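[1] need a 3D model of the sequence below.
(one chain, ligands or ions: 1)
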Amino acid sequence: MTLRRSRICKGCWQQMHLPVPLHGVVSVPFRVFGIRPSRMNPNTCTICELMFTTVMRARKITIDATVLFADLRGYTTLSQSHSQDAISGLLDAFYDECASAIWECDGLLNKTIGDAVMAVFNFPIRHADHARQGVLAARAIQRRWSARRKTLIEPLGLAGAELGVGVGIHCGELSFGEFGRSHRDLTAIGTVVNLASRAQSAAAAGEILVTQAIHERVQSDLAGSRPREFQLKGFEAPITLYPA
Ligand SMILES: [Zn+2]
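    Residues are numbered from 1 along each chain as shown. Here you go, the predicted structure:
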């Protein structure tokens, strides 16, 4: 499956009604000036990145957004018993499937952290139903990975390896900005990010766990989902999570 590529930057079109071409002959003059598809979401461009970076140098911005963490369970264990060369393709394939799923739902693939990815929805491409976009992306990640997994691990003689994906999603107000002085690191921080990450840790391989806040916004897609309570690291009170 390939990503449906947008011909113009979705971010610039939404924010400024400016048609910035991303592909083909018409994009060549733009590329001369360094305007090209963003690596965090190829349907947005480097102007979008720059715009936000400039804004954020002045001040951090607070946005209502959805944060998704997806982690490849069992990869760390595997990396201890196998050579890096043998299994590095697995992680690349995992990143690729996550990226495609996230971009199809207009999310930003913000970071890859070891064997996990972090995505943000509602930035820079706006979506009133960003919580739902997050859930759809999570389901697409699970679907894509279970289709891809077998063809990857069998040739490596890893048929017994679990290698499922655990996903956690949460939404709310978060700070988006440049953090870290040594290199430009555009990212989100705050409780919303922490809880999304903890929800991911609580998810079993092949499972998606979402918070109460997500459940409130995406009820129609989560009909019949039975909540469970979890004691999560860094949170005193038990946290209710819903399988999605
Ligand atoms: Zn743009």
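[2] buried residues, the longest helix along the chain. List them.
    The single longest helix within the chain, with elements called by DSSP state H, is helix 130-153. Going by neighbour count (16 or more other C-beta atoms under 10 Å), the buried part of helix 130-153 is 130-142, 144-145, 148-149, 152-153. In this view, the C-beta of every residue, glycine as well, is placed from N, C-alpha and C.
[3] swap in stretch 232-244?
    232, 239, 241-242, 244.
[4] and for that stretch, what's in contact with it?
    135, 138-139, 168-169, 194-195, 198-199, 201-202, 207-212, 214-215, 218, 221-222, 225-231 (C-beta atoms under 8 Å, 6 or more residues apart in numbering).
[5] restricted to buried residues, select those residues in PyMOL.
    Here is the PyMOL command that selects only those of the contacts of stretch 232-244 that count as buried (16+ other C-beta under 10 Å):
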select buried, resi 135+138+139+168+169+194+195+198+199+202+207+208+209+210+211+214+215+218+221+222+225+230
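[6] now, which of the contacts of stretch 232-244 lie within helices?
    135, 138-139, 194-195, 198-199, 201-202, 212, 214-215.
[7] can you pull out the helices in this protein?
    Going by DSSP H, the chain shows helices at 10-16, 28-32, 46-58, 75-81, 84-104, 130-153, 191-202, 212-217.
[8] run through the neighbouring helices and strands of the fourth one.
    For helix 75-81, the elements it packs on are helix 84-104, judged by 3 or more C-beta pairs under 8 Å, 6 or more residues apart in numbering; DSSP states H and E.
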